[in-house]
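S.K.: predicted structure and sequence below. I'll ask about it afterward.
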Amino acid sequence: MSFFEEENAEMDRYLESHASAEPEILRKLRRETFQRTTQPHMISGYQQGRLLTIISKILQPKNILEIGTFTGYAALCMAEGLSKDGKLTTLDVNEDLAYMPKKYFAESEFSSQIHFKIQDAKEFLKETDEIFDLIFIDADKENYSEYFRLIKPKTKSGSVVLFDNVLWYGKVLEENPKQKSTQVIKELNDLVAKDADFENLILPLRDGVNLLRRK
């Protein structure tokens, strides 16, 4: 481990020790994610999870959309802020891993409010006429720009949208990136910054979160 990695790990420990406690069900889910999946770093994790919870509790949304369920950690974080009659729809295409979010959603106090679908997000967005108060996108980076175009008509004034991994390990600083995912993430960040219908800020939390609010 390098000096910078040690320094970052120490800072992470400090930040987590000075944040609100992680609910027990999320601790269990995070532990099982690291034990049973090949890419556990894809989980939202403690700090980002608390951010999602706080934003959701501020908004008290009636309708949440998540694109990219993975093991269900972020969905459960956002569900903490749902209004009593609210609904959270979370989409993924990984059938092999679906057992894990299904298991934890069923165990949670929000089981009746979470709707987990194995479905392509682009298809869902083209078919649905729902308007969402809160949207979190942490899925295939190559489609980020398309997701932005498709979700815009599904938002209203005050809707909040979050895109994860928008710093892409610092690759967004490359002037002429060869990697398709890097190109699309840079395109997304440009599209968002230039869209007069949104106000936004990129938070340097973990791998970067682009936080948007519809005007």
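M.R.: Perfect, I can see it now.
S.K.: SS state for residue 124?
M.R.: Under the three-state scheme (DSSP: H, G, I helix; E, B strand; the rest coil), residue 124 adopts helix.
S.K.: what about the helix or strand containing residue 148, average pLDDT?
M.R.: Following DSSP states H and E, one finds residue 148 within helix 144-151. Mean pLDDT, helix 144-151: 98.
S.K.: ok, now stretch 18-26?
M.R.: On average, stretch 18-26 scores 94.
S.K.: endpoints of it, how far apart?
M.R.: 17 Å (Cα to Cα, to the nearest Å).
S.K.: now stretch 80-92
M.R.: Using Cα to Cα, the end-to-end distance of stretch 80-92 comes to 20 Å.
S.K.: contacting residues around it?
M.R.: If you take Cβ atoms under 8 Å, 6 or more residues apart in numbering as the criterion, stretch 80-92 is touched by 23, 53-70, 72, 75, 78-79, 98, 101, 110, 113-121, 124, 130, 139. For the C-beta atoms, the positions are set from N, CA and C on the backbone; glycine is no exception.
S.K.: filter those to the buried ones?
M.R.: Using 16 or more other Cβ atoms under 10 Å as the burial test, those include 23, 53, 55-56, 59, 61, 63-70, 72, 75, 78-79, 98, 101, 110, 113-114, 116, 121, 124, 139 as buried.
S.K.: which residues of this structure fall in strands?
M.R.: Taking DSSP state E as the criterion, the chain carries its strands at 63-67, 87-92, 114-118, 134-137, 160-164, 198-203, 209-214.
S.K.: tilt between the fifth one and strand 198-203?
M.R.: Between the axis of strand 160-164 and that of strand 198-203 there is an angle of 40 degrees, by axes from the mean of the first three to the mean of the last three Cα atoms, to 10 degrees.
S.K.: now strand 160-164 and strand 209-214, what's the angle there?
M.R.: Put simply, strand 160-164 runs at 160 degrees to strand 209-214, going by the same axes, to 10 degrees.
S.K.: which secondary structure elements does strand 160-164 contact?
M.R.: helix 45-59, strand 134-137, helix 144-151, strand 209-214 (3 or more Cβ pairs under 8 Å, 6 or more residues apart in numbering; DSSP states H and E).
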